[in-house]
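Visitor: only the shape, not the letters, is given here:
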């Protein structure tokens, strides 16, 4: 496949273009987002329709695409607090999508039903007669449940979603342990407002070991935080294209986009090779970035 990126074969080829995000980083992200949006909406005047179970996968994929678009914007605006939040959410949606793709309709159905668990607990704890607020919430719960082809009896034999596996067990099936540790494990800090995130983003240390919200040494966000998630969206898009082919072999409109994704994946891996070489040869390089 002939592309504008084919001249980049080695890390020496690509290194001179990494000082300016506009040179190669943003074009890669633009290509990834172009394909991802085409996967979500491949037709100009028509759309692909899915059943209720398949819609779980469609929705999880679309969530990744939409949040990565926001992720790129947050990167451009140097909003590290949003980047930290998006990382884990995108990754979790990816892993859950992969699970539902692998295990099919039963897993998709269990995922949909179990997602009502908290609303069912609220329904059991609050009478619809208590007040207008509780009645509206409970009535909407029953309407949504029926619209999803469920009823209250279904909860009696409800299975936990994802086979009862915790997220780390899911990751063991679909991702690398190092990626889990760096993106999801550490990524729990911003979700739970742990000190690891608070000290990096919301307060800043002064020269006399005090803390303030005023940052006198603000750093621009580095592309090494952008490219790995681009690589994740690439993988997600390839799996989404393959899944569509498995459920309907006539859905071949997305297939040509796989070549673009494979080329962008090659570029992402080449860029990250540069980053990891820098870590190895010059450990101080990223200490302040």
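Guide: That came through fine. A quick note: this is a predicted structure, and the numbers were derived from the prediction, not measured.
Visitor: ranges for the strands of the protein?
Guide: 204-205, 211-212 (DSSP state E).
Visitor: would TSV of the ones you listed with mean neighbour count and distance to residue 221 be doable?
Guide: For every residue, glycine as well, the C-beta is placed using N, CA and C. Conversion of the strands of the chain to TSV gives the following (neighbours: other C-beta atoms under 10 Å; distance: least, C-beta to C-beta, whole Å):
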stretch	mean neighbour count	distance to residue 221
strand 204-205	14	16
strand 211-212	11	21
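Visitor: and those strands, which one's lowest on average pLDDT?
Guide: Ranked by mean pLDDT, those end with strand 204-205 at the bottom, a mean of 85.
Visitor: partner strands of it, with direction?
Guide: Strand 204-205 has its sheet partners listed here by DSSP bridges as strand 211-212 (antiparallel).
Visitor: once you drop chain neighbours, what's closest to residue 68?
Guide: The shortest distance from residue 68 to any residue other than its chain neighbours is 5.1 Å, reached at residue 233 (C-beta to C-beta, 6 or more residues apart in numbering).
Visitor: which residues in the stretch 151-289 of the chain form helices?
Guide: With helices called from DSSP state H, counting those that start in this stretch, the stretch 151-289 of the chain shows them at 167-174, 177-179, 188-192, 195-201, 227-247, 257-281.
Visitor: most packed of those?
Guide: Mean neighbours per residue, mean count of other C-beta atoms under 10 Å, is largest over the helices of the stretch 151-289 of the chain for helix 227-247, with a mean of 20.
Visitor: what mean pLDDT does that helix get?
Guide: In the prediction, helix 227-247 has an average pLDDT of 94.
Visitor: over to stretch 265-285?
Guide: 90.
Visitor: and stretch 66-78, by the same measure?
Guide: Stretch 66-78 comes out at a mean pLDDT of 96.
Visitor: buried residues, that stretch. List them.
Guide: 67, 68, 71, 72, 74, 75 (16 or more other C-beta atoms under 10 Å).
Visitor: tabulate these (CSV), appending distance to residue 244.
Guide: Putting these into CSV (distance: C-beta to C-beta, whole Å) gives the following:
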residue, distance to residue 244
67, 21
68, 19
71, 24
72, 24
74, 29
75, 29
